[in-house]
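Student: Fold the following.
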Amino acid sequence: MCRGRSETPRDGSRSSRAQLSLSVVEAGIGVVLVLGVTMGFAFGVPSPNTRGTQLDLYAKDTGAVLVHEAPRHHGATRLAEIIESKESFRREKSALETRVDRILPDNLMFRVETPYGSVGYRRPGGVPVGVSTVTTTNGDVTIWVWYV
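Tutor: Numbering: from 1, shown residues only. Prediction:
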């Protein structure tokens, strides 16, 4: 017997050391992989909570559209013209409500609060709400939006 070599029986019998066949190892890895993919489809991954962020973006975009519209009568912008006085707000109230309704998608409700009054729907409690405040030459306008 040579030094440095392990003794292996020459008669074909296995030594005291246990070995798994390669196909059994491959089958085990395959089962784990299939179960992992199946669980991924079954349970999915939790979706991020983006409803509030999306609502804030809708409110901000609505404010940006309103603040950059040209005035109908006089004033710096359409929005500043609307909140110039109580009379101008009263005169333009329905036009403002119609314009905001056209800007927003159909699945959203809104409320626009000005120094002289509000248009839109009453804000509900317990639902995610997006908000944006726009500053004009005649005061601040706050826009609230939420899903129907």
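
Student: alpha carbons only for contacts and neighbour counts from here, please
Tutor: Noted.

Student: Residue ranges in the chain under the pLDDT threshold?
Tutor: For the chain, applying pLDDT under 70 flags the ranges 1-17, 46-50, 75.

Student: which stretches of it form strands?
Tutor: Shown for the chain, the strands assigned by DSSP state E span residues 108-114, 117-120, 130-136, 139-147.

Student: buried stuff in the first one?
Tutor: Within strand 108-114, the residues that qualify as buried by neighbour count (16 or more other Cα atoms under 10 Å) are M109, F110, R111, V112, E113, T114.

Student: try the third one
Tutor: Applying a neighbour-count criterion of 16+ other Cα under 10 Å, one finds G130, V131, S132, T133, V134, T136 buried in strand 130-136.

Student: That strand pairs with which strands, parallel or anti?
Tutor: strand 139-147 (antiparallel) (DSSP bridges).

Student: now what about the strand it pairs with, what contacts it?
Tutor: Applying Cα atoms under 8 Å, 6 or more residues apart in numbering, the contact partners of strand 139-147 are 55-56, 58-60, 62-63, 80, 83, 107-115, 123, 127-135.

Student: Against which helices or strands is the longest helix belonging to the chain packed?
Tutor: Taking DSSP state H as the criterion, the chain has its longest helix at helix 22-43. Contact partners of helix 22-43 among helices and strands, from 3 or more Cα pairs under 8 Å, 6 or more residues apart in numbering; DSSP states H and E: none.

Student: circling back to that earlier point, a markdown table for the buried residues of strand 108-114, including distance to F89?
Tutor: Shown next, in a markdown table, are the buried residues of strand 108-114 (distance: Cα to Cα, whole Å):
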| residue | distance to F89 |
| --- | --- |
| M109 | 21 |
| F110 | 17 |
| R111 | 15 |
| V112 | 12 |
| E113 | 11 |
| T114 | 9 |
